[in-house]
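K.L.:
Fold the following and give me the result.
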Amino acid sequence: VLMALLRIKHPESLKEYSPPELGRIIGLDRAPEVKTLRRKLKQIAEGPSETLIYDLAKRRVQARDHALGFLYVDGHVRVYSGKYRLPKGHVTRMRMSLPATEDVWVNDADGDPIFFITQEAHPSLVTAMQAVVEETRALVGDRRLTFVFDRGGWSPKLFKWLVVQGFDVINYRKGTVEPIPEDQFEELDVIGNHGSDKTWLLHDCTVSIGTGADQLQMRQVTRLQNGHQTHIVTTRMDLSASEIAHRMFHRWTQENFFKYMRDEFALDALLEYGTEEEDPLRDVPNPDWRRANNVWRKAKTKLKKLEAAHGALVLAGKTSTAELLSALERERTEVDRCKAARDQHEQRVTIDDLREEDLTVRLPALRKRLSDGLKMLAYQVESDLVRAVAPHYRRVDDEGRTLIAAALQSAGDIELNEGELRITLAPQSSPHRTRAVAELCHLLDDMEVTFPGTQMRVRYAIRGTDAPR
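P.N.:
So this is what the prediction gives:
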């Protein structure tokens, strides 16, 4: 966690720092070497790591109870460029499918992470929601919460199931929707990203989603901007249209979280080499069925083009050529043959049924999950410090995390004085930043923290400002 907060992104990067200096911060003669750190990570990962990750999430839920009314859910794909064959996942930021592993992250209403679930393959967000619901219930209990996710989670069947499970939904509407006349939109104030009000054009109505047993009455809030209409559906009937729109578009805090974690904490870094065997009984798509289905779809596309050409001639009052009619008959036969060939294969099989050239390995998960859990904890610590310094730093929305990262990496003095451990940081890059960190030091002083494993109270100050109180 300390390494993450100091932006030491990889165990090998420890070589670039003085072991005695890092050791003083954690109460040791010297910081551990790379091989020692890796060995201990492996021991913890193979031991109580999952219990640790769960307990950290439980503790965070208790501390952030006020921010759990809305939970943002999204998958994060980590691209893999090694030599082993892994399932391909769609990487949205690159707009292509690449070998990758995937986690589903759940963040609170402020965009801070609560927990994450590592996926064995690349299920859609719709199929991953069952595991999310189970973990949420274990952490939060029977409280009614609202899940917010993007179009990847669009499914009327899923919405209805979530309602039955005691959850609400806010989601972008997917598919072709009849546009709403622009004169029916109303100007409403919506909370902006930094708390300021903005005026949006919104329309509010009730719609029916899905068909048959999956049909569900939902509320639709539509935003009009530059002639474009964005439709949002929700089961929340009690909130204002402005609140619904704000919560849906606030989902970008989670995208910003992923980018920040990649850049600042190396979330996507490969922690260890090698692979492990897949669960032989795990259910996966059958590659033979997929290949045969692609051939069938191509044949159907070709048939549709021929039928369109034939239909155009009929509408024009002309007679189709014998060559066109013959091609139509041949293509219909080919479509039937391709469908029969596809149906000879099971749509899903177990890993054990795959041929040797198909995927049968995966990246080791335990150590990576432990590392990601500790990086998540470091992010949460940083978030709490940003919130603590917010009343004393005017530019906290734009520079809050930069200020905390700089303060954590500041030079300073560590000294023992009458049973106290005094931490005196060097001044920051400007007077207003120094004053903000000084106020944070006073706040930490008031918590009366003792250094772990001792009775020594830790005191904080900025050099050149008031001494520890």
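
K.L.:
so where's the stretch 251-400 of the chain uncertain?
P.N.:
Where the stretch 251-400 of the chain drops to pLDDT under 70, the residues are 275, 277-279, 282, 354-361.

K.L.:
can you do 80?
P.N.:
271-285, 319-320, 350-364 (pLDDT under 80).

K.L.:
Next, count neighbours for residue 311.
P.N.:
Residues near residue 311, counting by other CB atoms under 10 Å, number 11. (Each C-beta comes from the backbone N, C-alpha and C, glycine too.)

K.L.:
Please identify which helix or strand holds it.
P.N.:
Assessed by DSSP states H and E, residue 311 sits inside helix 287-315.

K.L.:
quick one, helices of the chain?
P.N.:
Applying DSSP state H to the chain gives helices spanning 2-5, 19-25, 34-46, 49-63, 125-140, 156-164, 241-249, 252-265, 287-315, 322-343, 366-389, 396-408, 431-446.

K.L.:
Specify the beta-bridge partners of the closest residue to residue 255 other than its chain neighbours.
P.N.:
Closest residue to residue 255 apart from its sequence neighbours, by CB to CB, 6 or more residues apart in numbering: residue 74 at 7.5 Å. Beta-bridge partners recorded for residue 74 (DSSP bridges): residue 105.

K.L.:
so what's residue 235 closest to, chain neighbours aside?
P.N.:
Among residues not flanking residue 235 along the chain, residue 168 sits closest, at 4.6 Å (CB to CB, 6+ apart).

K.L.:
hang on, the one you found packs against residue 143?
P.N.:
No - counting by CB atoms under 8 Å, residue 168 does not reach residue 143; the two are 11.5 Å apart.

K.L.:
Need the pLDDT of the nearest residue to residue 423 once chain neighbours are set aside.
P.N.:
Nearest residue to residue 423, sequence neighbours excluded (CB to CB, 6+ apart): residue 460, at 5.1 Å. Per-residue pLDDT puts residue 460 at 93.

K.L.:
how far away is the closest residue to residue 303 other than its chain neighbours from residue 312?
P.N.:
Of all residues not flanking residue 303 in the chain, residue 331 sits nearest, at 4.4 Å (CB to CB, 6+ apart). Per CB to CB, to the nearest Å, residue 331 is found 16 Å from residue 312.

K.L.:
Equivalent analysis for residue 251, please.
P.N.:
Where residue 312 is concerned, residue 251 sits at a distance of 45 Å (CB to CB).

K.L.:
Between those two, which is the more surrounded one?
P.N.:
The neighbour count for residue 251 versus residue 312, taken as other CB under 10 Å, is higher for residue 251 (20 against 11).

K.L.:
What count of nearby residues applies to residue 242?
P.N.:
Residue 242 has 19 neighbouring residues, counting by other CB under 10 Å.

K.L.:
actually residue 13, not the one I typed
P.N.:
When neighbours are counted by other CB under 10 Å, residue 13 comes out with 14.

K.L.:
Equivalent analysis for residue 70, please.
P.N.:
Residue 70 has 21 neighbours, counted by other CB under 10 Å.

K.L.:
So which bits of stretch 163-176 are buried?
P.N.:
Using 16 or more other CB atoms under 10 Å as the test for burial, stretch 163-176 gives 167, 168, 169, 170, 171, 172, 173, 174.

K.L.:
Quick one: distance of it to the chain centre.
P.N.:
18 Å (CA atoms, centre = their mean, to the nearest Å).

K.L.:
how long is it from one end to the other?
P.N.:
24 Å (CA to CA, to the nearest Å).

K.L.:
ok so, going back, what number of residues lie near the residue nearest to residue 303?
P.N.:
So residue 331, with other CB under 10 Å, has 18 neighbours.

K.L.:
what does residue 243 give?
P.N.:
Look at residue 243: counted by other CB under 10 Å, it has 18 neighbours.

K.L.:
same check, this time on residue 295
P.N.:
Neighbours of residue 295 (other CB under 10 Å): 15.

K.L.:
Pull up the gap between it and residue 338, please.
P.N.:
Residue 295 sits at a distance of 5 Å from residue 338 (criterion: CB to CB).

K.L.:
now do residue 307
P.N.:
For residue 307 relative to residue 338 (CB to CB), the value is 16 Å.

K.L.:
who's more crowded, those two?
P.N.:
Using other CB under 10 Å as the criterion, residue 307 and residue 338 rank with residue 338 on top: 19 against 13.

K.L.:
quick one, what contacts that one?
P.N.:
By CB atoms under 8 Å, 6 or more residues apart in numbering, residue 338 lies in contact with 292, 295, 296, 299.

K.L.:
Turn those residues into JSON lines, including distance to residue 220.
P.N.:
What follows is the contacts of residue 338, written out as JSON lines (distance: CB to CB, whole Å):
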{"residue": "292", "distance to residue 220": "39"}
{"residue": "295", "distance to residue 220": "40"}
{"residue": "296", "distance to residue 220": "36"}
{"residue": "299", "distance to residue 220": "39"}
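
K.L.:
you'd agree residue 410 is up against residue 429?
P.N.:
No - checked against CB under 8 Å, the pair residue 410 and residue 429 is beyond contact range at 9.8 Å.

K.L.:
More neighbours: the two, which one.
P.N.:
residue 410 (14 against 10).

K.L.:
now that we're looking at that one, how far away is residue 396 from it?
P.N.:
18 Å.

K.L.:
Please apply the same query to residue 88.
P.N.:
Going from residue 88 to residue 396 by CB to CB gives 41 Å.

K.L.:
These two - which one has more neighbours?
P.N.:
Neighbours were counted for residue 88 and for residue 396 using other CB under 10 Å; residue 396 has more, 18 against 15.

K.L.:
Correct me if wrong: that one contacts residue 388.
P.N.:
No - the criterion here is CB under 8 Å, and residue 396 misses it with residue 388 at 10.1 Å.

K.L.:
on that earlier part again, from the contacts of residue 338, which is closest to residue 425?
P.N.:
residue 292 (65.5 Å; CB to CB).

K.L.:
from the buried residues of stretch 163-176, which has minimum pLDDT?
P.N.:
Lowest in pLDDT among the buried residues of stretch 163-176 is residue 174, which has 91.

K.L.:
Could you tell me which residues make contact with it?
P.N.:
Contacts of residue 174 by CB under 8 Å, 6+ apart are 151, 154.

K.L.:
Please shift the residue numbers so they start at 54 in all later answers.
P.N.:
Sure, I'll start numbering at 54, so the last one becomes residue 227.
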